[in-house]
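S.K.: My questions are about this predicted structure, shown below with the sequence.
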Amino acid sequence: MRLTRTERMMLRGDMGEACRRSMELLLAIADAYGYGKLIKIRSAHISGISYKNIGDSGLEFIRDLAESGGFVRVKATMNPCGFDLDKPWLFDVDEEFYKKQMEIVRLLKLMGVEETLTCTPYYAGNNPREGDHIAWAESSAVIYSNSVLGAYTDREGGPSALAAALTGRAALTPAHTDEGRMPEVKVKVHYKPRDYADWGLLGYVVGMREPRLIPLLEGVKAGSRDELKYLSAGFGASSSAPMFWLKRGEGCEGGVIEVDVSEVKSVREKWSLTRRPTVVFIGCPHCSLKELRSIAEELKEKKVRRDVKLLISTSRSVYERAVKEGVEEVIRRSGGLLVKDTCLIVSPMRLSKSDVILTDSAKTAHYAQTMTRAMIALGGRRRCLREAVES
């Protein structure tokens, strides 16, 4: 292992027990990849903070680090937790879940992690620059930061991202090198996304076709930041690769695969809406302010059906701006629920076989089909809102 003087001090425990244990974890990862080296990072984003996902063992891991004096050495932000901290009753939270979830958030804050509670840290002040080395967990944020922002991060897990935050280091892995980020397969796309659901589906299908290699997408015009966010989320749900390329002057020396309309259509048909939805969920990844403005415009002077719950999820920083602009009020007056801090996937919301979830997120559809008993359907943003309101 090639360690700097500071890193050797961390490993000896000179900077505290939490720092020492974090170094041991990171060095084990570095050793597994064969590089035997750590790299300085500018920020971390920590996933796996919902009590639904990590349970008591995850809570104890975080508590041990906090009680051992752990404190972040770089900017660090939190992923969504199990419920909106101001509206826990919306998510079927019992007393035990509530107390343990709040303890997780408290301990992370004690260690200096910012209470952003979002899967879109780039909307919440964690904005890496092109070329920055970072340690982010949460698949869509990782893909977006590498592919759109030009940062360098591996697909960290919650524990390794927290360890990176406490040390200011990450294990050197291929995703932190130019060679390890080269496109490995060319994907010729014969399909034009029209809305956010289409962008997410395209990413999902590309990941299904080649779930391990970094793709160069040919025939796709770079969309807006929001559209690329959904492309990243869909791709991250079906692929283990750390990024995709939309354009690259040097091209790609790997093989070639093709994706056409029929492939995307077949996946969409798997999630066809055959019954009226009981839950309409928008906001995976969390909605931007631009998206919320558009949703409010669609809902203006309309009413959400009494037999459906319309959930729209965003980060608390965007939520605060939506409140100031009156966007939240428009959504609330319609009967919609603008929530923050969480999302459907990591919440303990009770859903039965009689429930039908309609979403415009391929990522939500992918995970909800295994994490709930409800029927899952995918539709465009306008379709989702149209199904939610009274005709």
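M.R.: Now that the structure is in, tell me what you want to look at.

S.K.: Residue ranges in this structure under the pLDDT threshold?
M.R.: 249-250 (pLDDT under 70).

S.K.: how about the helices of it, start to end?
M.R.: 5-12, 17-33, 51-67, 95-110, 139-144, 158-167, 196-209, 225-238, 261-270, 289-299, 316-325, 327-334, 362-371, 381-388 (DSSP state H).

S.K.: Residue 344: what's it in contact with?
M.R.: For residue 344, the contacting residues are 279, 281, 284, 311, 313, 357, 359, 364, 368, by Cβ atoms under 8 Å, 6 or more residues apart in numbering. Using the backbone N, CA and C atoms, a C-beta is placed for each residue, glycine as well.

S.K.: Now with 7 Å, please.
M.R.: By Cβ atoms under 7 Å, 6 or more residues apart in numbering, residue 344 lies in contact with 281, 284, 311, 364, 368.

S.K.: Residue 196 now?
M.R.: Shown in contact with residue 196 (Cβ under 7 Å, 6+ apart): 227, 230, 360, 381.

S.K.: Any of the contacts of residue 344 buried? List them.
M.R.: Listed as buried from the contacts of residue 344 are 281, 284, 311, 364, 368; burial here means 16 or more other Cβ atoms under 10 Å.

S.K.: pretty sure the first one is touching residue 360, no?
M.R.: I take that to be residue 281. No - counting by Cβ atoms under 7 Å, residue 360 is not a contact partner of residue 281; they are 8.4 Å apart.

S.K.: separation between the nearest residue to residue 235 once chain neighbours are set aside and residue 79?
M.R.: If the residues on either side of it in the chain are set aside, residue 235 comes closest to residue 203, at 3.4 Å by Cβ to Cβ, 6 or more residues apart in numbering. As judged by Cβ to Cβ, to the nearest Å, residue 203 and residue 79 stand 19 Å apart.

S.K.: Compare the two and say which is more crowded by neighbours.
M.R.: Neighbours per residue (other Cβ atoms under 10 Å) separate residue 203 from residue 79, with residue 203 holding more: 30 against 26.

S.K.: my read: residue 330 touches residue 299, true?
M.R.: Yes - Residue 330 is in contact with residue 299 according to Cβ under 7 Å; the separation is 6.3 Å.

S.K.: Scan the protein for its longest strand.
M.R.: The longest strand of the chain (DSSP state E) is strand 279-287.

S.K.: Report the inter-axis angle for it versus helix 381-388.
M.R.: 150 degrees (axes from the mean of the first three to the mean of the last three Cα atoms, to 10 degrees).

S.K.: Adjacent strands (with direction) for strand 279-287?
M.R.: Within its sheet, strand 279-287 is paired with strand 309-314 (parallel), strand 356-359 (parallel), according to DSSP bridges.

S.K.: Distance from the chain centre to the longest one, please.
M.R.: Taking Cα atoms, centre = their mean, to the nearest Å, one finds the center of strand 309-314 at 16 Å from the center of the full chain.

S.K.: neighbours around residue 390, how many?
M.R.: 11.

S.K.: Now do the contacts for it.
M.R.: Counting by Cβ under 7 Å, 6+ apart, residue 390 touches 303, 305.

S.K.: tell me the phi and psi of it?
M.R.: Main-chain torsions, residue 390, degrees, to the nearest 10: phi -70, psi 140.

S.K.: could we number from 4 for the rest of this?
M.R.: Noted, 4 is the first residue going forward, which turns the last one into residue 393.

S.K.: how much space between it and residue 215?
M.R.: Taking Cβ to Cβ, one finds residue 393 at 46 Å from residue 215.

S.K.: Same question for residue 11.
M.R.: For residue 11, the distance to residue 215 - Cβ to Cβ - is 35 Å.

S.K.: now residue 67
M.R.: Using Cβ to Cβ, residue 67 is found at 34 Å from residue 215.

S.K.: again with residue 86
M.R.: Per Cβ to Cβ, residue 86 is found 35 Å from residue 215.

S.K.: Those two: which has the busier surroundings?
M.R.: For residue 86 versus residue 215, neighbours defined as other Cβ under 10 Å are more numerous around residue 86 (28 against 10).

S.K.: number of nearby residues for the nearest residue to the more buried one once chain neighbours are set aside?
M.R.: Residue nearest to residue 86 in three dimensions, not counting chain neighbours: residue 94, with 4.1 Å by Cβ to Cβ, 6+ apart. For residue 94, the neighbour count with other Cβ under 10 Å is 21.
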